[in-house]
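**Q** next come a sequence and a model predicted from it.
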Amino acid sequence: MRTNKYRVKEGLRVNEMSERILEEAIERHASDIFIFPISNGYEIKIRTALGLNKIQELSRHGGRELLNYFKFQAQMDISERRRPQVGAYQTEFKRKKIFLRFSSVGEFAGAESLVVRLIYGEKNNNYFLPEQFNLIKKLTNQRGLIVTSGPTGSGKTSTMYELAQVIGKNKVVMTIEDPVEVWNPDFLQTQVNLIAGITYPDLLKAALRHRPDILIIGEIRDQETAKISINAALSGHLVLATIHAKTALQTISRLEGLGITKDELSNCLTAVSYQRLLPIKDKNDVACLMDIGYGEMLNQAITNNDKRGNLHDWQNSLNQLVKRGKISEKIQQLFEEG
């Protein structure tokens, strides 16, 4: 059983408690921290590439103290325990900036829960197969829409930002996000603000008037966002976006479900990719593996629904990584379905 060298004692001051929890999460490259109520208090779990791991239990009093401390740091309302709230702040670990996003909500019995999203701002993805990133970079020369899919914490935002940073020198790069995850002084970054009446569609329309060379859309999440993204790509912009889909080619079905036609996809969809962060064998680190659809294979998938089911080259890539000693057979089995 793994020894938890960071295990938090209730006697610690709450700031020390929070620092130790964050330290363990960052050391294990967790994407999320969950602070959830249980019958006799609170439990703390982290999500890593291997799934959920319980790291701590706290008394009800200790859990509430920790929740309130995080909420105070994130400029959230401590007195509000039932309504959903969001907040954010930035911390540093070993001289690297970590962006923290917070989401709280009360459950039916009145106890509050909190999820902390960790965004490793200054760190580009490591790539098991660098030729995959180079392929995406080459495909940007065709402009149009390039969509990345994958679960939360799979490095999608890092990939988009790194791509835009590499190809965007001496170009106008504009982002539309909810919220801004990583601040980049080289980009014009905009953020959804529903309280102020600033929505995704509003920002997309404004973006087209700003005439960016590269437009980054944090997430295609509804019909209006999908339609405006397609129109931006059809008008000659390079559009980088993310969407929730189980495979690269199933991205096509998701876009069709949001009202996009096959003709529109044929005319503007340059590439689709699916990615995950996998643990590197014998190292306390992760790297990105991608599965990319483009060219004739992508065109066939647009016109023929039967071509969209499976991951394109995922299994071959996993086999290749096992042979090279980059991942273990256990990790291969865990991620063989994507």
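**A** Sure thing, it's come through.

**Q** alpha carbons only for contacts and neighbour counts from here, please
**A** Fine.

**Q** so where's the protein uncertain?
**A** When residues are selected by pLDDT under 70, those of the chain lie in 1-12, 121-124, 309-312.

**Q** tell me where it has helices.
**A** For the chain, helices defined by DSSP state H occupy the ranges 14-27, 60-73, 130-139, 156-167, 200-210, 223-234, 250-257, 262-268, 295-303, 314-323, 329-334.

**Q** and the fourth one, what's buried?
**A** Read that as helix 156-167. For helix 156-167, a neighbour-count test (16 or more other CA atoms under 10 Å) marks 156-164 as buried.

**Q** got the contact list for it?
**A** With contact meaning CA atoms under 8 Å, 6 or more residues apart in numbering, helix 156-167 is reached by 121, 123-125, 137, 148-150, 173, 214, 216, 218, 240-242, 275.

**Q** contact partners for residue 53?
**A** 45-47.

**Q** can you lay out these as CSV showing distance to residue 335 and neighbour count?
**A** Below are these laid out as CSV (distance: CA to CA, whole Å; neighbours: other CA atoms under 10 Å):
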residue, distance to residue 335, neighbour count
45, 21, 21
46, 19, 26
47, 15, 19
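
**Q** so what's the residue count around residue 202?
**A** Neighbours of residue 202 under the rule other CA atoms under 10 Å: 12.

**Q** ditto for the one 10 residues further on
**A** Here the neighbour count serves as a burial measure; for residue 212 (other CA under 10 Å) it reads 18.

**Q** same check, this time on residue 185
**A** By other CA under 10 Å, neighbour count at residue 185 equals 7.

**Q** over to the one 10 residues further on?
**A** Other residues near residue 195 number 7, with proximity taken as other CA under 10 Å.

**Q** now the one 10 residues further on
**A** Counted with other CA under 10 Å, the burial measure for residue 205 works out to 14 neighbours.

**Q** leaving out the residues flanking it, which one is nearest to it?
**A** Once flanking residues are discounted, residue 205 sits nearest to residue 228: 7.6 Å by CA to CA, 6 or more residues apart in numbering.

**Q** and for residue 58?
**A** Using CA to CA, 6+ apart, the closest residue to residue 58 is residue 42 (5.1 Å).

**Q** ok, that neighbour - contacts?
**A** 35-36, 57-60, 63.

**Q** cool, and residue 37?
**A** Counted by CA under 8 Å, 6+ apart, residue 37 has contacts 43, 60, 111-113.

**Q** can I get these in TSV including neighbour count and distance to residue 196?
**A** TSV is the format used below for the contacts of residue 37 (neighbours: other CA atoms under 10 Å; distance: CA to CA, whole Å):
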residue	neighbour count	distance to residue 196
43	19	35
60	17	36
111	17	30
112	22	27
113	21	26
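
**Q** which single one of these is nearest to residue 182?
**A** residue 113 (24.8 Å; CA to CA).

**Q** which among the contacts of helix 156-167 count as buried?
**A** 121, 124-125, 148-150, 173, 214, 216, 218, 240-242, 275.

**Q** these into a markdown table, with extra columns for distance to residue 313?
**A** A markdown table is the format used below for the buried ones among the contacts of helix 156-167 (distance: CA to CA, whole Å):
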| residue | distance to residue 313 |
| --- | --- |
| 121 | 29 |
| 124 | 23 |
| 125 | 20 |
| 148 | 16 |
| 149 | 15 |
| 150 | 15 |
| 173 | 31 |
| 214 | 28 |
| 216 | 26 |
| 218 | 26 |
| 240 | 22 |
| 241 | 22 |
| 242 | 20 |
| 275 | 12 |
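
**Q** quick one: which of those sit in strands?
**A** 148-149, 173, 214, 216, 240-242, 275 (DSSP state E).

**Q** just give me the neighbour total for residue 323.
**A** When neighbours are counted by other CA under 10 Å, residue 323 registers 12.

**Q** I meant residue 30, not that one.
**A** Residue 30: 24 neighbours (other CA under 10 Å).

**Q** same list (the buried residues of helix 156-167) but as a markdown table, adding distance to residue 295.
**A** Compiled in a markdown table, the buried residues of helix 156-167 are given as follows (distance: CA to CA, whole Å):
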| residue | distance to residue 295 |
| --- | --- |
| 156 | 21 |
| 157 | 24 |
| 158 | 24 |
| 159 | 21 |
| 160 | 20 |
| 161 | 23 |
| 162 | 23 |
| 163 | 19 |
| 164 | 21 |
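
**Q** quick one: the closest residue in space to residue 92 that isn't next to it in sequence from residue 130, how far?
**A** Excluding the flanking residues, the one nearest residue 92 by CA to CA, 6+ apart is residue 98, at 5.7 Å. Computed as CA to CA, to the nearest Å, the residue 98 to residue 130 distance reads 25 Å.

**Q** which one of the two has more residues nearby?
**A** residue 98 (20 against 12).

**Q** tell me which two of the ones in strands among the buried ones among the contacts of helix 156-167 sit farthest apart.
**A** 173 and 275 (23.0 Å).

**Q** could you list the buried residues of stretch 293-308?
**A** 293-294, 298-299, 301-302, 307-308.

**Q** can I get the CA coordinates of that stretch in CSV?
**A** Only the C-alpha atoms of stretch 293-308 are listed here, as CSV (Å, rounded to 0.1, in the frame of the first residue of the first chain):
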residue,chain,number,x,y,z
GLY,A,293,-8.0,12.0,-37.9
TYR,A,294,-7.3,14.0,-41.0
GLY,A,295,-7.2,13.8,-44.8
GLU,A,296,-9.0,11.1,-46.7
MET,A,297,-9.7,9.1,-43.6
LEU,A,298,-11.4,12.1,-42.0
ASN,A,299,-13.4,12.8,-45.2
GLN,A,300,-14.6,9.2,-45.3
ALA,A,301,-15.7,9.4,-41.6
ILE,A,302,-17.7,12.6,-42.4
THR,A,303,-19.6,10.9,-45.2
ASN,A,304,-19.9,7.5,-43.7
ASN,A,305,-21.1,7.1,-40.1
ASP,A,306,-19.8,3.5,-39.9
LYS,A,307,-16.2,4.8,-40.1
ARG,A,308,-16.5,6.7,-36.8
